[in-house]
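A.B. asks: 3D, please:
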Amino acid sequence: MRWALVKVSLAVTAMVVIAFAVPLGLVIREMARDRAFSNAEREAAAVAPALSITTDRDQLERVVASVGPGAAMAVHIPAGGGSEALDLGERRAAGKDIAAVRKLGRASTSAVTGGSALLQPVALSTGEIAVVEVFVPESAVTNGVGTAWAVLAGVGAALILGSVAVADRLGVRMVRPAQRLVEGAHELGEGKLGARVPEEGPTELRLAAVAFNSMADQVVQLLANERELAADLSHRLRTPLTVLRLNAASLGEGPAAEQTRAAVEQLEREVDTIIRTAREAKPQTAAAGPGAGCDAAEVVRERMAFWSALAEDEGRKWRVAGADRPVRIPVARADLAAALDALLGNVFRHTAEGTAFAVDVHNGEDAVIVLVSDAGPGILDPEAAMARGRGSGSDGSTGLGLDIVRRLAESTGGDVRIGSSVLGGTEVRIWIQLDGRERAPRRRGHRGSVRRRRGPGRAAFSFNRSRSLP
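C.D. replies: Next comes the predicted model:
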C-alpha cells in the first residue's frame, strides 16, 4: 500500500510537471528569439533617418559604426539618380532575398551561416529603396534559454522528489498503524492476551485500534470471569466431597471401601488442582504493550452513571470533574472499574443518606490522579484503614476494597493516600504513574492535597498544605 501510494504520487506529479514545464520552456525560447530580433529592428531603425537624408559613404559609415559593430550590420543602396550602387559592411543575406525585400517593401528574415539576417527596407530621398541588413547570431537567439530550462528542470525534479517524500510519509503514517493492528490481531489469535495496539494514525485506523483494544480488554475480562467461575464452582464441590469422604470412612474395611476412599481422595486432589490453576493462571491476561490500559475518564463516567441512580434514590448530591476528555492510563479497564466501585460502595455503605460525594480526575505529565471524596464523618485512622483485613473500624468494613485500590495504584508505581476532603469527609487519592517508575517515598506526617497547575504546554501537580492528605 505504501509503495502503491508513492508510485501514484510519482506518476501524477510527473505528468503535472511535464504539462507545465514543456510549454513554459517553449515560451521561454520564443521570448529569447523575439528579444534578439527586437534588438535587431531597433538597430536598423537607428540607421533609417540618416539614409533618408544622405547616401554619402563616409557619413553612413560613421552612423553604422555608432549604432553597432560593422561586422553585424550592412547597408545596401541601389544605383539611381546618377549615383552607383553602394554596399556598406559585410553582406550575409543572398542577393535574391535583398531584391525581394526591396521589391515588396516590407521587412523579412533569412537564414544565413551562423544565425539569421534581418532585412529592413528604408526609402531614400531619390525614391529608391535601400535595405539595412542586421545579423542576428544563433547565440543571441538562444541567450539564457539553457539556464532557464535548467532551472525549470531543477524545479520539476524538486517537486517530484518532494511529492514522493510526502507520499512516502503519508504512506508510512497509514501503513504503520495498519501493520501494528495486523500484528496485534495475530498475537491475540496466538493466545497473547496482553497484545494491544497504539491508538494513532488516521481517524479510521485510530478508531479500529480503539475497538481492537476494547475487544481485547473484554476478552481478558471474560477469561478472568471464566477462571473465577471455575474456581468458585470447584470450591462448591468441597462440601459434597467432605460428605463423601465421611461416608467412605464409615464403610469399614474391604477392597470396595478402600477403592471408594481412594477415589474420593483423588477427586479432592483434582478439585484442589483446578482451584489453584484457576486462581494462579493470570500472567497472560495482563495488559501489556503500547496500547494497553484504558481511558480513565470514560470508566469514571460509566461508573458514575451506574451509581447515580442509587444516589438519586438516597438524595445524595454528586459531582464529576476532569472526565470530559480522554485520560489514558496503563491500567486494565476492569481493574479500574473494580477500584472505583469499591470506593463508591464504601461511600454508600459508611455514610448516611443524603451525604454528597465527588470524583475528580487530574491528568498530569507523568501521572494521573483520581480523587474520590465525600462529606461524611471521615476516617479516624487512615493507616489502619489501608491495612488489609482491618478496614476503617466501622461495622462491615474489612479493608479489602481499599486493598484492591492500593494494589491497582502500586502496579503502576503509584500509591493511595487517605485524608480529609474539601467536602468535610474522607478523600481517597489514587496516584497512577504513567511511565511505571517508582515514586520517591514521602515523609511521614506530610499533609497536603493535590491541586492542578499548568506548566508550559502540559499539566503538572503540586501539593497544597491547607488540606490534609497524609
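A.B. asks: list the contacts for residue 73?
C.D. replies: The neighbours of residue 73, taking CB atoms under 8 Å, 6 or more residues apart in numbering as the test, are 43-44, 47, 64, 67, 89, 132-135. C-beta coordinates here come from the backbone N, C-alpha and C atoms, glycine included.
A.B. asks: Between all of those, which two are at the greatest distance?
C.D. replies: 47 and 135 (13.7 Å; CB to CB).
A.B. asks: what is the mean pLDDT for stretch 384-403?
C.D. replies: When pLDDT is averaged over stretch 384-403, the result is 56.
A.B. asks: cool, and stretch 46-58?
C.D. replies: 76.
A.B. asks: again, but for stretch 435-452
C.D. replies: Average pLDDT, stretch 435-452: 45.
A.B. asks: From the chain's centroid, how far away is the helix or strand hosting residue 226?
C.D. replies: Using DSSP states H and E, residue 226 maps to helix 203-236. Offset of helix 203-236 from its chain centre (CA atoms, centre = their mean, to the nearest Å): 29 Å.
A.B. asks: Now stretch 34-47: buried residues?
C.D. replies: Across stretch 34-47, burial judged by 16 or more other CB atoms under 10 Å covers 36-37, 40, 43-44, 46-47.
A.B. asks: Restricted to helices, list these.
C.D. replies: Secondary structure from DSSP state H places 36-37, 40, 43-44, 46-47 of those in helices.
A.B. asks: And the spatially closest residue to residue 114 that is not a sequence neighbour, how far from residue 217?
C.D. replies: Leaving aside its sequence neighbours, residue 114 sits nearest to residue 137 (CB to CB, 6 or more residues apart in numbering; 5.8 Å). Residue 137 sits 81 Å away from residue 217, taking CB to CB, to the nearest Å as the criterion.
A.B. asks: now the strands: where do they sit in the protein?
C.D. replies: For the chain, the strands defined by DSSP state E occupy 73-77, 86-88, 108-112, 115-123, 129-137, 294-295, 318-321, 328-329, 357-363, 367-374, 415-420, 426-433, 449-454, 459-464.
A.B. asks: Strand partners (parallel or antiparallel) of the second one?
C.D. replies: Which is strand 86-88. Each strand paired with strand 86-88, and its direction, by DSSP bridges: strand 73-77 (antiparallel).
A.B. asks: Pull the number of nearby residues for the residue nearest to residue 156 when sequence neighbours are not counted.
C.D. replies: Residue nearest to residue 156 in three dimensions, not counting chain neighbours: residue 17, with 4.0 Å by CB to CB, 6+ apart. Per other CB atoms under 10 Å, the neighbour tally for residue 17 reads 19.
A.B. asks: ditto for residue 341
C.D. replies: Residue 341 has 15 nearby residues by other CB under 10 Å.
A.B. asks: separation between the closest residue to it other than its chain neighbours and residue 318?
C.D. replies: Closest residue in space to residue 341, ignoring its immediate chain neighbours: residue 303 at 6.3 Å, by CB to CB, 6+ apart. Distance of residue 303 to residue 318, computed by CB to CB: 11 Å.
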